[in-house]
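S.K.: Return atomic coordinates for the entry below.
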Amino acid sequence: MQEKILRAFLYNDKLKFNEIEKLTDTRSNKLAYHLKNFQERKLLIKNDGGYSLSNNFEHIIPYLSDSKAVLPVVLISVGEGKKFFLHVRDKKPYKGFLGLPAGRILVGEKIDDAVKRIMKNKHSVDAKLKHVNSVSLEHVTKEGKVIHSFLLILISASVKGNVAYTDIGKNRGKIIKSDYWLLKNHQNSRAKIKTIKSNL
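M.R.: Next comes the predicted model:
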């Protein structure tokens, strides 16, 4: 229900109650409940008899879709040659496999800030971006069907202190296939990702 209400604002800056009711095909008492909830959470603003999204909710709009989207992920390479810092994944789709430290880039975050946050929060390690290696598109299949798609941003980082390194040659079968392939083929590559600031 909440997503239906949000979708009503995809192409409208401001809507009256009866317009939202018509666009969402929802009974008025149920709609009133959700609109009040959105206002209390400061996600919707009501003024001059109409409703509009607050700045708190604007960032959700690009993610409203019936289609599953590609997920961008930063993969952090620490090491060189055949030895890299890897960890055992604790969630699907690669649960139980060794993989590179990884995570999403948060809204408003630079890649180097994402690297520091991911390494500190997930591995208690202070890290610094050295360079971007490559950007690749991965399709994960199961029983012949694509179940996930990831935009993999491989970066190299340096760390303070000691970390345990894994020999990728001796542990190839335990490592996520795409991580292994990237380390073998792109650890010496270089790519550029520009941060563009756009004002509305």
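S.K.: so which strand or helix has Ile45?
M.R.: Under the criterion of DSSP states H and E, Ile45 resides in strand 44-47.
S.K.: next one: Ile20
M.R.: Per DSSP H and E: helix 17-24 holds Ile20.
S.K.: pLDDT averaged over the helix or strand following that helix - what is it?
M.R.: Scanning forward in sequence from helix 17-24 by DSSP H and E, the next helix or strand is helix 28-40. Computed over helix 28-40, the mean pLDDT rounds to 89.
S.K.: ok, now stretch 89-108?
M.R.: Stretch 89-108 shows a mean pLDDT of 92.
S.K.: Stretch 167-185 too?
M.R.: 97.
S.K.: Show me which positions of it end up buried.
M.R.: For stretch 167-185, a neighbour-count test (16 or more other CB atoms under 10 Å) marks 168, 175-176, 178-180, 182-183 as buried. Bear in mind the C-beta positions are built from the backbone N, C-alpha and C, glycine included.
S.K.: do the same with stretch 89-99
M.R.: Those would be 89, 94, 97-99, for stretch 89-99 by 16+ other CB under 10 Å.
S.K.: Which residue, other than its chain neighbours, is closest to the residue most central in space within the chain?
M.R.: The centroid of the chain falls nearest to Arg104 when counting by CA atoms, centre = their mean (3.6 Å). Leaving aside its sequence neighbours, Arg104 sits nearest to Val73 (CB to CB, 6 or more residues apart in numbering; 6.4 Å).
S.K.: Which secondary structure state is assigned to that neighbour?
M.R.: What DSSP: H, G, I helix; E, B strand; the rest coil gives for Val73 is strand.
S.K.: what's the answer for Val125, then?
M.R.: coil.
S.K.: Now the two most distant members of the buried residues of stretch 89-99.
M.R.: Greatest spatial distance in the buried residues of stretch 89-99: Tyr94 and Leu98, 9.0 Å, computed using CB to CB.
S.K.: Can you work out which residues contact both of the two?
M.R.: Ile176 (CB atoms under 8 Å, 6 or more residues apart in numbering).
S.K.: Distance of Asn56 relative to Trp181?
M.R.: 40 Å (CB to CB, to the nearest Å).
S.K.: for Val78, same thing?
M.R.: Separation of Val78 from Trp181 (CB to CB) stands at 18 Å.
S.K.: hmm, back to that, can you lay out the buried residues of stretch 167-185 as TSV showing distance to Lys192?
M.R.: What follows is these, written out as TSV (distance: CB to CB, whole Å):
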residue	distance to Lys192
Ile168	26
Ile175	27
Ile176	25
Ser178	22
Asp179	22
Tyr180	25
Leu182	17
Leu183	20
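S.K.: out of these, which one sits closest to Asp13?
M.R.: Ser178 (41.4 Å).
S.K.: returning to what we had before: neighbours of the residue nearest to Arg104, just the number please.
M.R.: Residues lying near Val73 (other CB atoms under 10 Å) number 16.
S.K.: who does it bridge with?
M.R.: For Val73, the beta-bridge partners are Leu152 (DSSP bridges).
S.K.: Nothing else from me, thank you.
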